[in-house]
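J.: got a predicted model here, sequence first, then my questions.
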Amino acid sequence: IANCRHFRDRAITLGCPPDKIVVIGSPIDCDRFAPPATREPFSDRALRLVAVGRLEEKKGFADAIAAVGLLHGQGHDARLDIYGEGSLRPEFERQIGALGLEDAVTCHGQATQDPFGTRRLGQ
């Protein structure tokens, strides 16, 4: 399984048979998000972060949650939306509660990139 054509092609280059690999894309509609024309320091707007993947240790979700806690501790308004499922979801939800980040970090569960737009990020 690859998450984009680039990595599919790379796996094939490394020897994976083309008929043994499939692309499962990100649930994020990248057309809805674009980087700003210029970099801005923290402003009065909330910093919006998104993390997508299996809720497993090696994916770094605990670090992302902790980072939002550090930002809040420094007086910054940061929001983290987590999309995905996995065995550590209950642990991450406990971490969110222990850090008092229930209003800042949300675990949305699994999402798909639905061509009909019935479940899109940010809705």
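T.: Received the coordinates, thanks.

J.: alpha carbons only for contacts and neighbour counts from here, please
T.: Noted.

J.: find the centremost residue of the chain, please.
T.: residue 51 (1.5 Å; C-alpha atoms, centre = their mean).

J.: and it, its phi and psi?
T.: phi -130, psi 130 (degrees, to the nearest 10).

J.: and what of residue 83?
T.: phi -120, psi 120.

J.: what of the one 10 residues further on?
T.: Residue 93 has phi and psi values of phi -70, psi -40 when expressed as degrees, to the nearest 10.

J.: which stretches of the protein have low pLDDT?
T.: For the chain, applying pLDDT under 70 flags the ranges 39-44, 113-123.

J.: please enumerate the helices of it.
T.: Counting by DSSP state H, the chain has helices at residues 5-13, 61-73, 89-98.

J.: deepest-packed of those, please.
T.: helix 61-73 (a mean of 17; mean count of other C-alpha atoms under 10 Å).

J.: packing partners of that one?
T.: Secondary-structure packing of helix 61-73 (3 or more C-alpha pairs under 8 Å, 6 or more residues apart in numbering; DSSP states H and E): strand 78-83, helix 89-98.

J.: kindly recompute the last result at 6 Å.
T.: Helices and strands touching helix 61-73, as assessed by 3 or more C-alpha pairs under 6 Å, 6 or more residues apart in numbering; DSSP states H and E, are absent.

J.: right, and the residue nearest to the centre of the chain touches residue 82 too?
T.: Yes - using C-alpha atoms under 6 Å, residue 51 is in contact with residue 82, at 4.9 Å.

J.: tell me who's in contact with the residue nearest to the centre of the chain.
T.: The contact partners of residue 51, by C-alpha atoms under 6 Å, 6 or more residues apart in numbering, come to residue 82.

J.: mind doing that once more with 10 Å?
T.: 59, 60, 61, 64, 65, 80, 81, 82, 83, 84, 107 (C-alpha atoms under 10 Å, 6 or more residues apart in numbering).
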